[in-house]
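>>> sequence and computational prediction follow.
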Amino acid sequence: MNEYHPKLKTPFCERLGVDFPVIQTGMGWVSTAKLTAATSSAGAIGFLATATQTFEEMKQSVNEIKEITDKPFGINVRTDSTDIDERLSWAIQQGIKVVSFAQAPNPEMVKKLSDSGVITIPTIAARRHAEKVAEWGVDAVIAQGQEGGGHTGEVPTAVLIPQVTKAVDIPVFAAGGITDGRGLVAALAWGAQGIAMGTRFLLSKESEVPEAIKQAYFDAGVTDTVRTRSVDGVPQRVIRSQMVKALEKNRVLKFPTALKNALKFRHATEASISDLLTEALAMKRNQDMTWAQVSLAANAPMLTKATMVDGNTEIGIMPTGVGLGVITSAPSVEDIISEIMAEATECLHSLADNTVR
């Protein structure tokens, strides 16, 4: 291992059992066993996206990761899954190191995992959310600013991270538009113990996203993203494609189409019609959604699958952070992490010598 600046070995690295303070987030359809294992093997920590998998697919992916690496890794779970208790129990039995969440967990989930020695790291987008989950006993949080890809909040990264690190006494990982070593140093300056990235890992050699989709990301600039509610009723940052423009004008994806695709997604994840209705009612009640918003929310995974799995830019969406405009290649995960650590080390030394450029 190269000699990186000692300040980059933050305290939570030891807790996680990793060399570097870098998290690869659990992106639906993107964070596969291959990508997760590559990240963990390189000394950071990868998260397997299980929200878009059946329980059996989740088991297979976890076993595949274990065959590739003996390094720590995590799983990202959908907390409103009808079989979430079974999934968490199985994860505990398998000795999964850490769990992150596709939606906010509840105190019972946090306690169940914590009592079994599993590290919990929810993603939050506001200081009050960090304070709330800290009260529940989570081990750390990923604080994602509005520059982040996919579902994201209102507060810019540079404002959110200092707010959160001052408000809670648990480790914080910064996310939202961070792609390089200087971003890591900035996060440390804000009081964070590391960074979490999605788009940077989506655009890697081990990412199984179709090459045509990767090229669409390379072709986009920093101003080619939009934070929209038109995809699923909740603010989400995506590439401003023709599909997204049409969604925002309400010219496509009428209710029957949304419902049809939602049923396809539920079939893919082996959920019954009863489960779908139960979840829809819960979304409407707990998140105060209209039926139109519920149909969009249930449909959204199929729109992402259309690009990230099927390679179709015409009918899908491409979640992304604003950092996509500065990413021009897809090297190996190991090279990405090495470059981040080397740049962060150089930046820290330059700051100490007052020679930073």
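In hand now; what should we look at?
>>> show me what the longest helix along the chain is in contact with.
Longest helix in the chain, counting residues (DSSP state H): helix 333-353. Where contact means Cβ atoms under 8 Å, 6 or more residues apart in numbering, the residues beyond helix 333-353 that reach it are 2, 4-5, 7-8, 20, 22, 24, 35, 38-39, 41-44, 180-182, 184-185, 200-201, 204-206, 331, 356-357. Yep, even glycine has a C-beta here, placed from its N, CA and C like the rest.
>>> and if you look at stretch 197-215?
Stretch 197-215 is contacted from outside by 22-25, 27, 30-32, 34-35, 38-39, 148-150, 175, 178-179, 217-218, 307-311, 313, 318-321, 323-324, 327, 329-333, 336, using Cβ under 8 Å, 6+ apart.
>>> if any of those residues are buried, give me the ChimeraX selection for them.
For anyone working in ChimeraX, the buried entries among those, judged by 16 or more other Cβ atoms under 10 Å, can be selected with:
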select :22,23,24,25,27,30,31,32,34,35,38,39,148,149,150,175,178,179,217,307,308,309,313,318,319,320,321,323,324,327,330,333,336
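>>> among the contacts of stretch 197-215, which lie within strands?
When strands are assigned by DSSP state E, the members of those inside them are Val22, Ile23, Gln24, Gly150, Ala175.
>>> ramachandran angles for Ile119?
With angles defined as degrees, to the nearest 10, Ile119 sits at phi -80, psi 140.
>>> okay, now it: neighbour count?
Look at Ile119: counted by other Cβ atoms under 10 Å, it has 21 neighbours.
>>> can you map out the helices along the stretch 201-350 of the chain?
Using DSSP state H, counting those that start in this stretch, the helices assigned to the stretch 201-350 of the chain run over residues 211-219, 242-248, 255-268, 273-286, 291-308, 333-353.
>>> from Glu154, how far off is Ala44?
If you measure Ala44 against Glu154 using Cβ to Cβ, to the nearest Å, the figure is 28 Å.
>>> next, the angle from the helix or strand that contains Ala186 to helix 333-353.
In this structure, Ala186 sits in helix 181-189 according to DSSP states H and E. Our comparison of helix 181-189 with helix 333-353, counting by axes from the mean of the first three to the mean of the last three Cα atoms, to 10 degrees, yields an angle of 60 degrees.
>>> which helix or strand lies directly C-terminal to helix 181-189?
Defined by DSSP H and E, the subsequent element after helix 181-189 is strand 194-197.
>>> direction included, what does that next one pair against?
Each strand that strand 194-197 pairs with, and the sense of that pairing, follows from DSSP bridges: strand 22-24 (parallel), strand 172-175 (parallel).
>>> what does the average pLDDT come to for it?
Strand 194-197 shows an average pLDDT of 98 in the prediction.
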